[in-house]
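> sequence? don't have it. structure:
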């Protein structure tokens, strides 16, 4: 059975290769020390240096990926939300805050339903409930928001959501994407109105 305290073989081999080029604890490089303990400590020190180099490299890569993810997340052309199963906003990107017309920090902890037309709330609630229990993504079209581009023109949003289990808390959450489709909705309504009028 392998002793879990034994150093990794490849790491140890690399440390031993580097040892002749090191001057550690006053022992000249390449000199044979009569005490095995000093040699082992030197090898172990180099193993730790190698591990530190690898950890530093990994940390640099992780930080670069994190910066890339944050850039993609925050500056996406759609609103990204993380909600709990009650529809409370846990996290959102900059575009999502812009769609709701408020600063991001003031939106965390508030119910998403506050930002939709009262007539749309049954549809929104049914949509989020379906997302919570579905294995697939669910969609809702043209949900009217309380935020308007002008007093005469309401704002409409398409929604797409999927539930997931947070790996840290074990809590079931919902990822939600909102997209402003106001211009498309108005154009579609205008076309439908023209078709109906021409049929009469």
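Arrived safely, thanks for sending. Just so it is clear, the structure is predicted and the values come from calculations on it, not from any experiment.

> Does anything pack onto the helix ranked longest in the chain? Which helices or strands?
Criterion DSSP state H: the longest helix present in the chain is helix 36-74. In terms of contacts (3 or more C-beta pairs under 8 Å, 6 or more residues apart in numbering; DSSP states H and E), helix 36-74 is packed against helix 9-18. (Glycine included, C-beta is placed from N, CA and C.)

> Domain boundaries for the protein, per the record?
9-71, 76-199 (automatic domain parsing).

> returning to what we had before: show me what secondary structure element comes after the longest helix of the chain.
Following helix 36-74 in sequence order, the next helix or strand is strand 79-84 (DSSP states H and E).

> now that next one and helix 36-74, what's the angle there?
110 degrees (axes from the mean of the first three to the mean of the last three C-alpha atoms, to 10 degrees).

> Now strand 79-84: buried residues?
By 16 or more other C-beta atoms under 10 Å, the buried positions in strand 79-84 come out as 79, 80, 81, 82, 83.

> so where's this structure shaky on pLDDT?
Applying pLDDT under 70 to the chain flags residues 1-7, 19-35, 148-152.

> at 80 what do you get?
The model of the chain has pLDDT under 80 over residues 1-37, 39, 147-154, 189-192, 194, 199-200.

> one step back: and the domains of the chain, which is most packed in?
Comparing the domains of the chain by mean neighbour count (mean count of other C-beta atoms under 10 Å), domain 76-199 comes out on top with a mean of 15.

> okay, how far is it across that one, tip to tip?
End-to-end distance for domain 76-199, by C-alpha to C-alpha, to the nearest Å: 42 Å.

> Likewise for stretch 99-111?
15 Å.

> what does that stretch rub up against?
Stretch 99-111 has contacts (C-beta atoms under 8 Å, 6 or more residues apart in numbering) with 79, 86-94, 96-97, 115, 145, 147, 157, 178, 180.
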